[in-house]
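In: Fold the following.
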Amino acid sequence: MVAMILFYFLFLLPLASAYPLEADTAAVNEETSEASWIKPAGKKLIFALALWRHGARAPNQMYPTSLNSIEDFIQEEGELLEKGMEEHFLLGLRLRQRYIKQLSLVSPRFRSKEVSIRSTGYNRTIASALTNFVSFYFTGNVKGKDYPGSIFWPGYYTPVPVYAVQWKDEDLFNYLRCPRALDLNVLIPQTPEFAAFVAEYQPLLAYLNNYSGMTITNSSAYANLNVAYR
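Out: Take a look at the predicted model:
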């Protein structure tokens, strides 16, 4: 469930109440101070790869005793929420500051030969990737050239293609197509370390079983933890 662009760094971005669009903001000044180690003297960055997960989303399912319902999240199960859109809009601004303004790795205007964007085939990951590039090329594109000059066109928005395949055909992110990963899924629960983990957190599993109305086993706990860790 990852959206990918041919960049190299992963950023953890806190939410902000306003978007840092100008170079004189505190956030941008902080980024500028990083340039010396991002781009060492005498070196030229020629390729970058970045990976990130989707933004905040609605749950895939509600546990039986939950006081909430899926209707409380506006969107349907698993769909990207407004908060998730904001997270990725802000991430796009950070990527723009680093790779366009600081490192001049790509043009401020979208060029298909410079950037390739890959997503898994889920609505939330595709929407996250699309939102990233609304802000990545936020003010660099030219009206009447990169996007229509119509008064009805939404701001600076320039459509940027995102490539996606169905999970069953995914050969880049789908660990289920990796024989070694499948072997480890069988072997790890048999290790002493896993037994110690289960013993340490058995009270927590019992608590969750009692109050969630679900049956959480050692195997299901491992499966969910494994997904979260990846």
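
In: Report the contact partners of the residue lying farthest from the centre of the chain.
Out: Distance from the C-alpha centroid of the chain peaks at Pro192, with 33.4 Å (C-alpha atoms, centre = their mean). Taking C-beta atoms under 8 Å, 6 or more residues apart in numbering as the definition of contact, Pro192 has no neighbours. Heads up, the C-betas are built off the backbone N, CA and C, glycines and all.

In: beta partners for Ile117?
Out: For Ile117, the beta-bridge partners are Ile5 (DSSP bridges).

In: isn't it right up against Pro159?
Out: No - with contact taken as C-beta atoms under 8 Å, Ile117 and Pro159 are classed as non-touching, separated by 11.6 Å.

In: So between those two, which is more surrounded?
Out: Using other C-beta atoms under 10 Å as the criterion, Ile117 and Pro159 rank with Ile117 on top: 20 against 11.

In: Need the pLDDT of the more buried one.
Out: Per-residue pLDDT puts Ile117 at 94.

In: how far away is the residue nearest to the spatial centre of the chain from Ser119?
Out: In the chain, the centroid-proximal residue (C-alpha atoms, centre = their mean) is Arg53; its distance is 2.5 Å. Here Arg53 is placed at a distance of 11 Å from Ser119 (C-beta to C-beta, to the nearest Å).

In: just Gly84 next, same as before
Out: Distance from Gly84 to Ser119, by C-beta to C-beta: 14 Å.

In: Can you tell me the SS state at Ala164?
Out: At Ala164 the chain is in strand, as set by DSSP: H, G, I helix; E, B strand; the rest coil.

In: Spit out the contact partners of it.
Out: Ala164 neighbours (C-beta under 8 Å, 6+ apart): Arg118, Ser119, Thr120, Gly121, Thr125, Ile126.

In: Could you double-check that the third one lies in contact with Glu170?
Out: Yes - using C-beta under 8 Å as the test, Thr120 is close enough to Glu170 to be in contact (6.1 Å).
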